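Student: how would this look folded up:
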Amino acid sequence: MMESPVVELLEAEYRRVWDRFSDEFTFRPSTSSLKWPAIKEPVPSVTWSLAALDDDPEHERLDRLVEVVEQGLTSCIGPDATLLALDWQHTSYRFTPRGVGGPGQPAWPLSPYPDGDYYIYLSEDFRTGSFGHPWEYSLCLFGQEFLDAASTEVERLLGRPIRRSPALPMPRYEEGLIQVESADPARTAAEAEHRTGRDVWRAGRRGACGP
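Tutor: Here you go, the predicted model:
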């Protein structure tokens with residue numbers, strides 16, 4: 001049991017966690033679209049562009065996205081379980097989701113929205129979480145229970161995914177109807193690449209600067 005609902009990772013723990021993440025997810029930070037996605041996206045996972053948030057002057061869609069991700073993560077871990085909140089090359093945290101975000105409680109550390117840095121939420125077993133990519137301007141959610149809890153509302157907020165893990169079917173959107181077909185990794189990679197030039201421009205317009 002932690003003494004505080006949010007604690008900073010000390011140096012040794014920080015290095016251990018980041019080393020494990022880099023190894024298990026093949027993390028490759030880069031501003032180059034040729035090296036995206038920046039992780040080996042887990043199975044199952046779904047990745048959305050964050051472009052829909054550009055047309056959100058009151059930040060209502062962003063606020064709802066953050067709420068959905070936080071609620072989804074909280075719902076699929078145990079009552080006393082902890083999550084990791086990782087900020088690349090910056091202070092990172094371990095926290096208890098049920099001990100943050102409420103009246104009289106500290107705020108959630110970081111955010112699912114990658115505000116100029118890679119922001120990552122992870123369960124302690126590394127099987128569930130989110131990965132926010134500031135240069136691709138995208139959000140990947142992974143872990144089946146988490147996806148079951150959050151993906152429908154996230155898709156309503158952000159639109160169609162740009163990628164799904166190969167084990168998941170890709171929906172076909174035709175004349176207002178959704179049909180399901182098997183995912184084609186080559187096609188989905190090509191579709192993602194088509195979007196990357198536009199997303200880099202958006203990241204630059206936001207004043208982002210990469211590693």
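
Student: Tell me where this structure has helices.
Tutor: For the chain, applying DSSP state H gives helices covering 11-25, 60-75, 144-158, 185-205.

Student: So Gln71 is in contact with Val154, correct?
Tutor: No. Gln71 is beyond contact range of Val154, at 11.3 Å (criterion: C-beta atoms under 8 Å). The C-beta positions use only the backbone N, C-alpha and C, and glycine is treated the same way.

Student: higher neighbour count, those two?
Tutor: For Gln71 and Val154, the more surrounded residue by other C-beta atoms under 10 Å is Val154, and the numbers stand at 23 against 15.

Student: so Thr128 sits right up against Leu147, yeah?
Tutor: No. With contact defined as C-beta under 8 Å, Thr128 does not reach Leu147; the gap is 9.1 Å.

Student: And the closest residue to Asp115 other than its chain neighbours, how far from Val66?
Tutor: Residue nearest to Asp115 in three dimensions, not counting chain neighbours: Pro134, with 7.3 Å by C-beta to C-beta, 6 or more residues apart in numbering. The spacing between Pro134 and Val66, counted by C-beta to C-beta, to the nearest Å, is 16 Å.

Student: More neighbours: those two, which one.
Tutor: Pro134 (24 against 16).

Student: just checking, the more buried one touches Pro114?
Tutor: Yes. Between Pro134 and Pro114 there is a contact at 4.1 Å, judged by C-beta under 8 Å.

Student: for this structure, what are the low-confidence residue spans?
Tutor: Along the chain, segments meeting pLDDT under 70 span 1, 167-211.

Student: so what's Leu147 up against?
Tutor: By C-beta atoms under 8 Å, 6 or more residues apart in numbering, the residues touching Leu147 are 44-46, 141.

Student: Trp88 contacts Leu110, doesn't it?
Tutor: No. In this structure, Trp88 is not within contact of Leu110 by C-beta under 8 Å, at 10.8 Å.

Student: Of these two, which one has the most company?
Tutor: Leu110 (21 against 17).
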